[in-house]
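> sequence first, predicted model second:
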Amino acid sequence: MTFPTEQLLFTPAAPTSQALSLLFAFPNTYSVGITSLGYQVVWGLLQARSDLRVSRLFTDIHEPLPRHPDLLGFSLSWELDYVNILSLLESLEIPVRSKDRTHGCFPLVFGGGPVLTANPEPFADFFDVILLGDGEELLHSFIDTVQIVQGADRVTQLLTLAQVPGVYVPSLYEVTYHSQEGAISAIQPITAKVPPQVSKQTYRGNQLSTSTVVSPKAAWENIYMVEVVRSCPEMCRFCLASYLTLPFRTPDLQTSLIPAIEQGLAVTNRIGLLGASVTQHPEFDQLLDYFTRPVCADLRLSIASVRTNTVTVKLAKILTQRGSRSITIAIESGSDRLRQIINKKLENEQIYAAASAAHQGGLKGIKLYGMVGLPGETPEDLEATLLLMGDLKRQTPGLRLTLGCSTFVPKAHTPFQWFGVNPQAKQTLQRLQNRCALKGLSIGRRAITGRCYKPCYQEGIAVCHIY
Ligand code: SF4
């Protein structure tokens with residue numbers, strides 16, 4: 001397979017003769033990797049530097065690779081991709097463990113992204129350096145320092161890099177656990193030359209991320225992605241997408257978002273609005289008005305999962321006019337009681353209203369994300385979900401309902417991080433499917449690969465299609 005013809009939205013710098021060679025990898029296929037906005041943005045930042053010569057590497061395709069790269073970087077979006085990192089290291093004949101890469105002929109292996117930032121320790125052995133937090137400024141600080149220590153021995157390199165805020169060098173810290181499968185009891189630097197704590201970096205600028213490349217082979221063909229918000233102010237107790245990236249940030253509509261969208265419209269008619277809680281942008285209504293202009297008549301607009309009580313007829317109409325057939329809302333459960341436990345500020349009445357608005361606006365379907373195995377869940381909560389789906393079916397005939405239900409997986413940094421995985425969750429999921437079947441609802445199963453950000457920290461999804 002060869003690289004498809006891509007449209008770049010930036011001008012790559014011409015590498016100087018002294019440029020360091022850098023492999024920038026995504027541990028999945030090209031189609032999945034190029035649809036990751038995080039991967040695109042970091043690639044654009046790296047390519048804009050004349051002191052780097054960058055080659056991209058995916059599991060199925062790569063650009064011409066240098067024989068002995070100086071740096072190998074990984075962008076991580078999904079935990080299930082970790083195993084592919086090991087395969088890629090092996091295929092490049094690079095030792096998988098950092099401790100075996102002590103001499104200079106091996107590249108410095110670094111990684112970043114939400115999954116590594118949230119919980120770097122399970123995979124710390126495989127990285128020389130882990131970048132914690134937003135990459136916008138951190139990446140440049142890291143590369144600038146790499147340039148300074150280029151040519152030094154590996155120990156000096158790592159000690160120097162460890163001084164950069166947000167740069168975690170796992171080999172310079174000793175981590176002890178209460179038991180083999182227990183919690184961490186202490187993290188101590190092995191030398192006084194490195195900071196005792198590494199702080200996650202938070203980008204505070206007004207300009208959030210936008211696509212740096214538009215590709216016909218992206219999972220959503222030729223899509224240009226715009227990050228409309230970062231984080232989410234709702235703070236549902238299980239939600240990594242909220243807690244990991246706080247504070248909630250919203251770029252200004254006129255000076256930031258619209259110019260960014262117009263850059264994309266110059267090369268494609270397909271726009272994707274991204275973010276954990278897109279409709280909570282304070283100027284979202286004006287943004288919708290922007291898309292109703294006649295000049296946007298050929299536009300295809302996609303939107304990430306939206307907060308249920310922000311689904312309006314106006315939103316549904318515009319999505320319908322701009323090529324969307326369905327909308328996705330995360331309800332988590334049909335039980336108001338359980339949603340109170342998880343701090344999901346949503347009531348069943350609002351779910352009915354959202355479905356009705358979607359229908360009135362002309363959308364053909366609504367996808368509902370749910371979870372089982374949540375802390376505090378009882379069998380009655382499962383019944384409440386079934387009841388809700390049945391009622392929705394009756395109240396909005398003709399609207400295609402899809403329930404995608406996964407098992408709760410606790411995530412670091414969230415209030416539910418210590419609850420553990422409910423060992424009954426998979427049976428509960430199966431019971432939900434069986435009960436759907438008994439109620440005459442047609443049921444399907446599917447894997448979650450390719451879905452964006454929020455579902456990536458859930459696993460084992462079952463999907464019930466309800467007609
Ligand atoms: S689950 Fe949705 S509404 Fe709740 S904090 Fe996460 S993104 Fe926000």
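Received it, and whenever you're ready, just let me know what you need. Numbering: from 1, shown residues only.
> quick one: contacts for the closest residue to residue 79 other than its chain neighbours?
Distances taken as CB to CB, 6 or more residues apart in numbering place residue 115 nearest to residue 79, at 5.5 Å, with adjacent residues excluded. (C-beta placed from N, C-alpha, C; glycine too.) Taking CB atoms under 8 Å, 6 or more residues apart in numbering, we find residue 115 in contact with 76-79, 456.
> surely residue 177 and residue 187 touch.
No. Applying CB atoms under 8 Å as the test, residue 177 and residue 187 come out as separate, 10.4 Å apart.
> who touches residue 187 in this structure?
173-176.
> 10 Å - rerun?
Listed by CB atoms under 10 Å, 6 or more residues apart in numbering, the contact partners of residue 187 are 121, 170, 173-176, 196-198.
> max pairwise distance over these: which two?
Maximum pairwise distance in those, criterion CB to CB, is 17.1 Å, between 176 and 198.
> pick out whichever of these two has more residues nearby.
Each of residue 176 and residue 198 has its neighbours counted (other CB atoms under 10 Å); residue 198 has more, 23 against 9.
> pLDDT score for the more buried one?
Predicted confidence (pLDDT) for residue 198: 96.
> quick one: it and residue 381, what's the gap?
From residue 198 across to residue 381, the span is 39 Å (CB to CB, to the nearest Å).
> flag every residue of the stretch 251-400 of the chain that's near the ligand.
When proximity is defined as CB under 6 Å from any ligand atom, the stretch 251-400 of the chain approaches the ligand at 276-277, 307, 330, 344.
> want to throw the residues you listed into CSV with neighbour count and pLDDT?
Formatted as CSV, these follow (neighbours: other CB atoms under 10 Å; pLDDT from 0 to 100):
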residue, neighbour count, pLDDT
276, 27, 90
277, 26, 88
307, 20, 91
330, 22, 93
344, 23, 96
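> least trustworthy position among the contacts of residue 115, going by pLDDT?
In terms of pLDDT, the lowest of the contacts of residue 115 is residue 456, showing 31.
> do you know the pLDDT at residue 467?
You'll see residue 467 listed with a pLDDT of 36.
> ok, now residue 449?
32.
> likewise for residue 460?
37.
> for residue 214, same thing?
Residue 214 carries a pLDDT score of 98 in this model.
> how close does it sit to residue 3?
From residue 214 across to residue 3, the span is 13 Å (CB to CB).
> what touches both of these two?
Joint contacts of residue 214 and residue 3 (CB under 10 Å, 6+ apart) are residue 34.
> ok, those two, which is more surrounded?
Between residue 214 and residue 3, residue 214 has the larger neighbour count (other CB under 10 Å), namely 21 against 14.
> excluding its backbone neighbours, what's nearest the more buried one?
Residue 214 sits nearest to residue 7 (CB to CB, 6+ apart), 4.4 Å away.
> now the one you found: phi and psi?
Dihedral angles of residue 7 (phi, psi; degrees, to the nearest 10) stand at phi -110, psi 120.
> what does residue 126 give?
Residue 126 adopts backbone torsions of phi -90, psi -10, taken as degrees, to the nearest 10.
> burial count for it?
Counted with other CB under 10 Å, the neighbours of residue 126 add up to 20.
> identify the residue spatially nearest to it, adjacent ones excluded.
With CB to CB, 6+ apart as the criterion, residue 126 has its nearest non-adjacent residue at 5.7 Å, and that residue is residue 96.
> am I right that residue 186 falls within a helix?
No. Applying DSSP: H, G, I helix; E, B strand; the rest coil, one finds residue 186 to be strand, outside a helix.
> so how far is residue 225 from it?
Counting by CB to CB, the gap from residue 186 to residue 225 is 41 Å.
> comparing those two, which residue is more hemmed in?
Neighbour comparison, residue 186 and residue 225: the larger count goes to residue 225, with 26 against 10 (by other CB under 10 Å).
> how far off centre is the top helix by length along the chain?
Ordering each helix of the chain by length in residues (DSSP state H) puts helix 379-395 first. Centre-to-centre, helix 379-395 and its host chain are 30 Å apart (CA atoms, centre = their mean, to the nearest Å).
> pairing partners for the helix or strand just after that helix, with directions?
Moving toward the C-terminus from helix 379-395, the next helix or strand (DSSP states H and E) is strand 400-407. The pairing partners recorded for strand 400-407 under DSSP bridges are strand 365-372 (parallel), strand 459-466 (antiparallel).
> name the residues of strand 400-407 that are buried.
401-407 (16 or more other CB atoms under 10 Å).
> in a markdown table, list the residues you listed along with pLDDT and distance to residue 241.
Formatted as a markdown table, these follow (pLDDT from 0 to 100; distance: CB to CB, whole Å):
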| residue | pLDDT | distance to residue 241 |
| --- | --- | --- |
| 401 | 89 | 24 |
| 402 | 88 | 21 |
| 403 | 87 | 20 |
| 404 | 87 | 16 |
| 405 | 88 | 18 |
| 406 | 87 | 14 |
| 407 | 90 | 17 |
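> and these, which is closest to the ligand?
Checking the buried residues of strand 400-407 against the ligand with CB to the nearest ligand atom, the nearest one is residue 406 at 12.5 Å.
> how near is the closest residue to residue 408 other than its chain neighbours to residue 420?
The shortest distance from residue 408 to any non-neighbouring residue, by CB to CB, 6+ apart, is to residue 373 (4.2 Å). Plainly put, residue 373 is 10 Å away from residue 420 if you go by CB to CB.
> neighbour count for the two, which is higher?
It is residue 373, of residue 373 and residue 420, that has more neighbours when counted by other CB under 10 Å, with 23 against 12.
> show me what contacts the more buried one?
So residue 373 contacts 406-410, 419-429, 458, 460 (CB under 10 Å, 6+ apart).
> cool, residue 357 as well?
Residues counted as contacts of residue 357 (CB under 10 Å, 6+ apart) are 310-317, 327, 363, 366, 396.
> would it count as being in a strand?
No. Going by three-state DSSP, the assignment for residue 357 is helix, not a strand.
> give me the pLDDT value at it.
pLDDT at residue 357 comes out at 97.
> just want the residue of the stretch 1-150 of the chain that's nearest the ligand.
Taking CB to the nearest ligand atom, the stretch 1-150 of the chain has residue 114 as its residue nearest the ligand, at 12.9 Å.
> that residue is in contact with residue 240, isn't it?
Yes. Between residue 114 and residue 240 there is a contact at 7.3 Å, judged by CB atoms under 10 Å.
> give me the buried positions along stretch 206-223.
By neighbour count on 16+ other CB under 10 Å, the buried set for stretch 206-223 is 208-215, 217-219, 222-223.
> scratch that, stretch 152-172
Buried positions in stretch 152-172, judged by neighbour count with 16+ other CB under 10 Å: 154, 157-162, 164, 166-172.
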